[in-house]
Every structure is written in C-alpha cells, then in structure tokens.
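Trainee: Predicted model follows, preceded by the sequence.
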Amino acid sequence: MAASTFENPNKHKKGKTDMGRPLIAINEKLVCDLARLHVPSKDIADVVGCSVTTLNDRFRSVMDKGRAEGKHHLRALQWKAAEGGSVTMLIWLGKQLLGQSDKIQTESHNNVITIYDNGALTSSLTQYL
C-alpha cells in the first residue's frame with residue numbers, strides 16, 4: 001500500500017500545528033524591565049500571568065538581555081560612585097577588579113597576640129601557655 005499523501009492543513013513548516021491552546025499575550029517590554037531589575041523568573045511569570053516554562057521558552061533571550069543591561073547599569077553606578085570619591089566603593093572595586101585585599105598582620109610578644117587589619121588594631125588576645 002502506498003504512503004498516504006494526506007497532509008494536515010494545520011501543520012506548519014517546523015512541524016508544529018495550530019492545535020492546543022493559543023499563545024497568551026505577554027508584554028515583552030515588561031519582561032525585559034523586570035529582568036533588568038533581576039526579578040526572579042518565578043516572580044516575572046507570576047506578574048505576566050504565565051508559567052516559568054512558558055516564560056523561559058518564549059522570552060529567554062529577552063530576559064538574558066534585560067539582566068545584562070541591569071548588570072551594566074549597576075556597574076556604571078558603582079563606577080560613578082567611585083569617581084565621586086566614595087571610599088567604600090573605591091575599596092570594593094579595587095578588590096574586585098585589581099585583586100587588592102586586606103592584609104591581616106599578627107604579632108606575638110610575651111604570649112600576647114595582637115591582630116591588625118589594614119593597620120588598625122582589631123583585637124588583642126592573650127595566650128596562656
């Protein structure tokens with residue numbers, strides 16, 4: 001018997017059919033804006049009214065782009081704060097980007113151990129031997 005030449009009229013080129021639920025309308029800009037704020041996928045799905053699976057299937061690239069934009073914006077704000085003289089931000093960026101670290105120095109004299117952190121006395125311990 002010959003193969004059937006019947007072709008499903010609902011079938012698309014990629015093999016998908018028009019069967020099943022229609023796609024729900026989801027605001028792509030809202031998804032991107034929430035991802036930019038690093039809102040978790042579960043929360044974004046709750047806000048736009050779909051499942052996390054649907055969100056990931058249809059908007060993965062939009063969420064990735066939004067999260068990347070959010071990171072870029074945060075870095076720009078941190079850099080601006082450092083340029084404005086924020087000592088805390090200068091120290092943090094130095095540690096992150098330049099590999100700088102706090103040095104902890106210990107000294108032992110007469111069974112007394114003194115610990116310095118960045119030159120400031122942080123604690124003094126007495127050891128009894």
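Mentor: In hand now; what should we look at?
Trainee: Need the nearest residue in space to Asn56, chain neighbours excluded.
Mentor: Counting by Cβ to Cβ, 6 or more residues apart in numbering, Asn56 lies nearest to Ser41, which is 6.7 Å off, once chain neighbours are set aside. Where you see a C-beta, it was placed from the backbone N, CA and C, and this is true even at glycine.
Trainee: buried ones in the helix ranked longest in the chain?
Mentor: If you go by DSSP state H, the chain has its longest helix at helix 52-83. Going by neighbour count (16 or more other Cβ atoms under 10 Å), the buried part of helix 52-83 is Leu55, Arg58, Phe59, Val62, Met63, Gly66, Arg67, Gly70, Ala82.
Trainee: Helix or strand next in line after it, which one?
Mentor: Note on helix 52-83: by DSSP states H and E, the next helix or strand toward the C-terminus is helix 87-98.
Trainee: Many thanks, I have nothing further to ask.
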